[in-house]
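Asks: Predicted model, plus sequence, below.
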Amino acid sequence: MRIIMAGFGTVGQGFAEVLHKKTDRLNRFNESVKIVAAFDSKSFVADENGLDPLELVERKKSTGSVGSEKLKSGIDVLDSVDYDVLVEVSPTNIKDGGAGLKHVEHALKNGKDVVTVNKGPLALKFSELNKLAEKKNALLRFEGSVGGAMPIINLCSENLKGERVKSIRGIFNGTCNFILSRMDKGLPFEQALKEAQQLGYAESDPSYDIDGIDTACKVVILANSIFRRNVTFSDVSITGITSVSAEAIALAAEHDMVIRLIGEVSDTVLEVSPRLIPLGHPLSVSGTLNIAQIRTDLAGPITVSGKGAGRIETASAILSDLIAIMDRRR
Ligand code: HSE
């Protein structure tokens, strides 16, 4: 299985490390997995015999670039190297999908399988990309785009295949949850945001987190993939957390409540907003955790929780999608 890694940044480094660490597990499939090219926004490197994942990580860390060659465009790399799967891990761009959208579209058009955690292409063009994948008999998988390591998309579409999922409510942004939990302890918003950024969870543009944009992207992905809706980012009703005051949090605490940024999706709802959650309720989690409450018709309520970000944690979801593709293609 030959992989091209596009948008090689923090998550890319995590995935390269995971590939190295899991060589034995992957070898069980009797097919070697090799990275035949990797690129970031400025540089690229390619070798049809496979690149050493740890060397990629080292070079990115020490020089800021994954490759020694200057990148003209990612599409050039996709056109000049033979590969089977594109792993697209560029940062999210919600304005027009950015380069990530172009890479995903190009790979699918050429019948290549894609694993992505980039929310922009999925939140803007979900239905188009899925139709394209179907037409070209390509697989498009994106477990890590919602909830990082927390299983939710494949859980609903594979393990809960026989269920009708009635609704999903959850916390899908670790940065906001961290900020609100720190504000519970009396910290001012700005300081809490700074701490969240230091943890490396926040988006490159943190307004994506605090304005609810990141959660809205995830709600769109869930709506389309699990509820079979045909919605896009602009359909979501979004309120972020910038207007949540210290006074509101203190007042909530007086009534044994906390305020959390909740994403909710069902056949009719598509919403992101700060909500009052009673202390002790499953959704009252603190820190950077993500959590989702899934209501189903037969199984009843199911709650999952896990690390919604982090380079290794997100890479674990990419690995599971990659193994699922290897299973299907065998
Ligand atoms: N900025 C996101 C978060 C990263 O804080 O949860 C994962 O999508």
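Replies: Nice, thanks for sending it over. Everything numeric here is computed off the predicted structure, so don't read it as measured data. Numbers count the residues shown, from 1 in each chain.

Asks: where exactly do the strands run in this structure?
Replies: 2-6, 34-39, 43-51, 69-70, 85-88, 113-116, 140-141, 165-171, 237-238, 257-266, 270-278, 289-296, 301-307 (DSSP state E).

Asks: and the fifth one, what other elements does it pack with?
Replies: Packed against strand 85-88, as judged by 3 or more Cβ pairs under 8 Å, 6 or more residues apart in numbering; DSSP states H and E, are the following elements: strand 2-6, helix 98-109, strand 113-116, helix 311-329. Placement of C-beta: from N, CA and C, glycine included.

Asks: So which of these is the most surrounded?
Replies: Across the helices and strands packed on strand 85-88, averaging neighbours per residue (mean count of other Cβ atoms under 10 Å) puts strand 113-116 on top, at a mean of 27.

Asks: As CSV, could you dump the C-alpha coordinates of that strand?
Replies: Extracted in CSV, the C-alpha atoms of strand 113-116 (Å, rounded to 0.1, in the frame of the first residue of the first chain):
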residue,chain,number,x,y,z
ASP,A,113,-8.6,6.1,-1.8
VAL,A,114,-8.5,9.0,0.6
VAL,A,115,-8.1,9.2,4.4
THR,A,116,-8.5,12.7,5.8
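
Asks: Show me what it packs onto, helices and strands only.
Replies: On a contact count with 3+ Cβ pairs under 8 Å, 6+ apart, strand 113-116 meets strand 85-88, helix 98-109, strand 140-141, helix 311-329.

Asks: Relative to residue 198, how far out is residue 186?
Replies: Residue 186 sits 19 Å away from residue 198 when distances are taken as Cβ to Cβ, to the nearest Å.

Asks: How many residues are close by residue 191?
Replies: When neighbours are defined as other Cβ atoms under 10 Å, residue 191 has 12 of them.

Asks: For it, give me its contacts.
Replies: Listed by Cβ atoms under 8 Å, 6 or more residues apart in numbering, the contact partners of residue 191 are residue 182.

Asks: Run through the residues of the stretch 1-150 of the chain sitting next to the ligand.
Replies: Listed as neighbours of the ligand in the stretch 1-150 of the chain under the rule Cβ under 6 Å from any ligand atom: residue 148.

Asks: Name the residue of the stretch 1-150 of the chain that lies nearest to the ligand.
Replies: The ligand sits closest to residue 148 of the stretch 1-150 of the chain, with a gap of 5.7 Å, by Cβ to the nearest ligand atom.

Asks: Tell me if I'm right that that residue and residue 307 touch.
Replies: Yes: between residue 148 and residue 307 there is a contact under Cβ atoms under 8 Å: 5.5 Å.
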